[in-house]
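1. Need a 3D model of the sequence below.
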Amino acid sequence: MPSDLPERLRSGRRFSFWNFYGPTEAAIEATAAEVSQHPATRVIPIGKPINDTEVLVLDSELRELPVTVPGELAIHGVGLARGYLGRTDLTAQRFCRLLDGRRVFLTGDRGRKRTDGSFEFLGRLDDQVKVGGYRIELEEIEQVLKSLPLVDDAAVKVREADNAAAVMIAYLKVAENKRDRDADLQNEIKRSLGDRLPPFKRPRHLVFLDSLPKTSSGKIDRKQLPDRTDQHLAEREWIAARNKLEEHLTEQWARMLGLQEVGINEDFFELGGTSLQAAMLATRLSDQLGVHVPTSLLFDMPDVLRTAERLASLHRDALAKRFGEDAVDYAKTSLKSQEPSKPEYSTPPLIATFIESTWIVPDFQHVQKQPGTSKQGRNRGSTPIFMIHPPGGIVVCYRDLAKLAPEGQAFYAVRSRGLEGGESLPDTVEAMAADYVEAIRATIPNGPYQLGGWSLGGIGAWEAARQLVASGDSVERIILLDTSIPQGAGLTTSTIGEPNPGTEYGLDFTLEELAELKPEEQLPLLWEHAKNLGILDDDTPQSVVDQAISDLKQLFHHHLQLLGKHPIEPLKLPVLLIRPRDVPVDVGTSPDRGWSAFSPEVTVEMVEGHHHSMVKRPGVEGIARLIFPSR
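-> Okay, here's the model as predicted:
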């Protein structure tokens, strides 16, 4: 039953309203609930079992699940049918006996038992699909869409479900008088979904139809929904491929994303790509081109334009042999001429920019893409923020945070050396931070700056801030996202008694013990780290796993060794420490994790999630409210 139906029907009327549930195989009704006042945002319960009927919630092994845990609804009782006439195979599949001898019908419906003994219907199990590594309930997305004032009816379909190229598409019926402004509708609906659903639950494409196909029983017929999504092309301003190298890359982008065409200026992730798909695309390109395409490349350069430029720099001879000298030379110079109306721009190789409205002009002054705004009349926005990479060197963990930055806020991430191979690595944190300071100043030459980092990336940010201050620059504050002080980093009377936070990170040992492990011994942790970042999952093809782990393991080990032992010096700078509310084991660390021994002003704030999930929604939204003053 739609959650808002009781209130809509009850308006101005007096009657008793009941919600029944039950399949034909169990004599139609198996549960019943009288619905009185009920919030339109909550699932309406299907009630409690009728007489001589029992409803169970089972897992895939036919074991009963605890109260509140979702599983498959099964029915036991006198109303069960004997089976399907002439279908012994289907009867054996759907009518089963539990270990205690009870005969049940497996409904194929997903539900759970509430603490009051009633049940909730959560949709069909076969409507639950995997998209981008997440389990998605299509009916949940449809209910959200139908609740929007602009939408009369909605259906959601996943193309290539449970595949790395899975694409979620929403089909919408809207009032005729609104169809003359499809582009505006797209934007309005996407904004509304952004307020109601996390990114992984938002459909990639919205398709407007005059009517939705229905079965004879009035249900949505998903099989009849069209696969074509040409409408999305009209929403985008894109630049077509201009040479054979770009043509090859756009074809591979489109194939991975399930699109017909992709422009060289379009962001892989804005088009709906996931971190896992980016890793798979890097592996595919490595195989096709016969060169090493780093797993991290698409995270930092997510459009064909920049990817082509970087590959041309890394593998000029190999690519020139395949695509021609002109294509490679064009790729190496195309960034400067992609749009004549823009000034030339360049950022140091270590700096990643996620915000499309930010670029650097030759005099390194930060400006905003505002039509008609000159350098003299620019809006500087808030103090620039530079976030240092965590162990492993990639900065994909800051992508969701960057998307939440308000207009006018300069936001950059600093990636590690060595991500593309063939580079010597700094042997101290001081040398690493000096490299980062040089890149920061090449981007914006003068402070004030804000520096920060997630996890042990905060240690690198601390050292970079120290060097900036020591050389006379201004640092406004340091932002630490759940950064702990390694035990060897600075023993003071305030930190000696601090419990080691390793268990709060989900580890069975200290950060120092982790750093002492050999690279091969750290692989299980690197695997979990990559999974938590969305780069890999349990279904990732082995070739992708092998390349991603190979690309990251040396840097992961190197960063743990350096950052885990670096001595921290006190700084007279404000510190914002943001911690997650959920920890696997609370070991009793002080609220500021001991940072007050190194800073005279430490502010501690809490956000939703645990150590890894805090940089994703909903935790990242809390982080954005704390570090972006205008939000």
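
2. Flag every buried residue along the stretch of helix or strand Gln288 belongs to.
-> Using DSSP states H and E, the element containing Gln288 is helix 275-289. Within helix 275-289, the residues that count as buried by 16 or more other Cβ atoms under 10 Å are 275-286, 289. Where C-beta positions appear, they are placed from N, C-alpha and C, glycine not excepted.

3. Would you reformat those residues as a markdown table and include distance to Arg242?
-> Below are those laid out as a markdown table (distance: Cβ to Cβ, whole Å):
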| residue | distance to Arg242 |
| --- | --- |
| Ser275 | 28 |
| Leu276 | 29 |
| Gln277 | 25 |
| Ala278 | 23 |
| Ala279 | 27 |
| Met280 | 26 |
| Leu281 | 21 |
| Ala282 | 23 |
| Thr283 | 26 |
| Arg284 | 22 |
| Leu285 | 19 |
| Ser286 | 24 |
| Leu289 | 19 |
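
4. between those, which is nearest Asp473?
-> Ser275 (33.6 Å; Cβ to Cβ).

5. doesn't Cys397 make contact with the closest one?
-> No: contact between Ser275 and Cys397 fails when scored by Cβ atoms under 8 Å: they sit 9.7 Å apart.

6. Tell me the one of the buried residues of helix 275-289 nearest His389?
-> Ser275 (14.8 Å).

7. Can you spell out which helices and strands pack onto the strand of greatest length in the chain?
-> In the chain, with assignment by DSSP state E, the single longest strand is strand 103-113. Secondary structure elements in contact with strand 103-113, counted by 3 or more Cβ pairs under 8 Å, 6 or more residues apart in numbering; DSSP states H and E, are strand 53-58, strand 71-77, helix 88-94, strand 95-97, strand 119-124.

8. Mind listing what's buried along the one helix or strand Asp195 maps to?
-> Using DSSP H and E, Asp195 maps to helix 182-196. Buried positions in helix 182-196, judged by neighbour count with 16+ other Cβ under 10 Å: 182, 185-186, 189, 192-193.

9. Could you dump those residues into CSV with distance to Arg322 added?
-> CSV is the format used below for the buried residues of helix 182-196 (distance: Cβ to Cβ, whole Å):
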residue, distance to Arg322
Asp182, 40
Leu185, 43
Gln186, 38
Ile189, 42
Ser192, 46
Leu193, 41
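
10. okay, those in CSV with distance to Ile264 and pLDDT next?
-> Converted to CSV, the buried residues of helix 182-196 look like this (distance: Cβ to Cβ, whole Å; pLDDT from 0 to 100):
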residue, distance to Ile264, pLDDT
Asp182, 25, 59
Leu185, 28, 78
Gln186, 22, 77
Ile189, 27, 86
Ser192, 30, 83
Leu193, 27, 85
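
11. which of those residues lies closest to Met168?
-> Nearest member of the buried residues of helix 182-196 to Met168, counting by Cβ to Cβ, is Leu193, at 11.2 Å.

12. Which residues are in contact with that closest one?
-> Neighbouring residues of Leu193 by Cβ atoms under 8 Å, 6 or more residues apart in numbering: 144-145, 202-203.

13. repeat for Val55
-> 30-31, 49, 73-76, 113, 119.

14. ditto for Met168
-> 131, 136, 141, 156-158, 202-205, 272.

15. Shouldn't it be within a strand?
-> Yes: counting by DSSP: H, G, I helix; E, B strand; the rest coil, Met168 falls inside a strand.

16. distance of it from Arg110?
-> For Met168, the distance to Arg110 equals 18 Å [Cβ to Cβ, to the nearest Å].

17. what ranges of the stretch 351-500 of the chain fall below the confidence cut-off?
-> 354-381, 421-422, 487-500 (pLDDT under 70).

18. Now do the strands in it.
-> For the stretch 351-500 of the chain, strands defined by DSSP state E, counting those that start in this stretch occupy the ranges 351-353, 358-360, 366-368, 385-388, 411-414, 449-454, 475-481.

19. got the phi/psi numbers for Gly392?
-> Backbone geometry at Gly392, expressed as degrees, to the nearest 10, gives phi 110, psi -30.

20. wouldn't it be in contact with His557 here?
-> No: counting by Cβ under 8 Å, no contact exists between Gly392 and His557, whose distance comes to 9.5 Å.

21. now the helix holding Gln288, how far from the centre of its chain.
-> 18 Å (Cα atoms, centre = their mean, to the nearest Å).

22. helices or strands next to it in the packing?
-> helix 244-257, helix 297-300, helix 316-323, helix 542-563.

23. Figure out which of the ones you listed is closest to Leu58.
-> helix 542-563 (32.5 Å).

24. quick one: average pLDDT of the closest one?
-> In this model, helix 542-563 has a mean pLDDT of 73.

25. And the residue nearest to Pro448 when sequence neighbours are not counted, its phi and psi?
-> Counting by Cβ to Cβ, 6 or more residues apart in numbering, Pro448 lies nearest to Ser474, which is 4.0 Å off, once chain neighbours are set aside. For Ser474, the backbone dihedrals (degrees, to the nearest 10) come out as phi -100, psi 130.

26. What separation do you get for Ser474 and Thr603?
-> For Ser474, the distance to Thr603 - Cβ to Cβ - is 19 Å.

27. picking that back up, partners of the longest strand of the chain in the sheet?
-> strand 71-77 (antiparallel), strand 95-97 (antiparallel), strand 119-124 (antiparallel) (DSSP bridges).

28. Determine which stretch of those strands is the most buried.
-> Comparing the strands paired with strand 103-113 by mean neighbour count (mean count of other Cβ atoms under 10 Å), strand 71-77 comes out on top with a mean of 22.

29. Only C-alpha atoms, please: export it in CSV.
-> Extracted C-alpha coordinates of strand 71-77, given in CSV (Å, rounded to 0.1, in the frame of the first residue of the first chain):
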residue,chain,number,x,y,z
GLY,A,71,14.4,-11.4,4.8
GLU,A,72,12.0,-13.5,2.7
LEU,A,73,8.4,-13.7,3.9
ALA,A,74,7.1,-17.2,4.3
ILE,A,75,3.6,-18.4,5.2
HIS,A,76,2.7,-21.5,7.2
GLY,A,77,-0.9,-22.6,8.0
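
30. what's the angle between that strand and strand 53-58?
-> 150 degrees (axes from the mean of the first three to the mean of the last three Cα atoms, to 10 degrees).

31. State the mean pLDDT of strand 71-77.
-> Mean pLDDT, strand 71-77: 93.

32. Could you do stretch 102-110 as well?
-> 92.

33. Flag every buried residue along it.
-> Buried-residue list, stretch 102-110, by 16+ other Cβ under 10 Å: 104-107, 109-110.

34. Among those, find me the one that's closest to Val615.
-> Arg110 (29.4 Å).

35. The closest one touches Glu137, doesn't it?
-> Yes: using Cβ under 8 Å, Arg110 is in contact with Glu137, at 7.5 Å.

36. and Asn51, how many neighbours?
-> By the criterion of other Cβ atoms under 10 Å, Asn51 has 7 neighbours.

37. per-residue pLDDT, it?
-> At Asn51, pLDDT is 92.

38. tell me the secondary structure for it?
-> From three-state DSSP, the assignment for Asn51 is coil.

39. could I get stretch 107-114 in CSV with only the CA atoms?
-> Extracted in CSV, the C-alpha atoms of stretch 107-114 (Å, rounded to 0.1, in the frame of the first residue of the first chain):
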residue,chain,number,x,y,z
THR,A,107,6.4,-15.8,-1.2
GLY,A,108,9.4,-14.2,-3.0
ASP,A,109,8.5,-11.0,-1.0
ARG,A,110,11.0,-9.2,1.2
GLY,A,111,9.8,-8.1,4.6
ARG,A,112,10.5,-8.0,8.3
LYS,A,113,8.9,-8.5,11.6
ARG,A,114,8.4,-5.4,13.8
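
40. one step back: and the residue nearest to Pro448, what is it in contact with?
-> Ser474 touches 447-449, 468, counting by Cβ under 8 Å, 6+ apart.

41. What is the burial count for Arg14?
-> Arg14, neighbours per other Cβ under 10 Å, totals 5.

42. secondary structure element for it?
-> With DSSP H and E as the test, Arg14 turns up in no helix or strand.

43. if we can go back for a sec, adding secondary structure, write the contacts of Met168 out as TSV.
-> Converted to TSV, these look like this (three-state DSSP):
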residue	secondary structure
Val131	strand
Ile136	strand
Ile141	helix
Val156	strand
Lys157	strand
Val158	strand
Arg202	coil
Pro203	coil
Arg204	coil
His205	strand
Gly272	coil
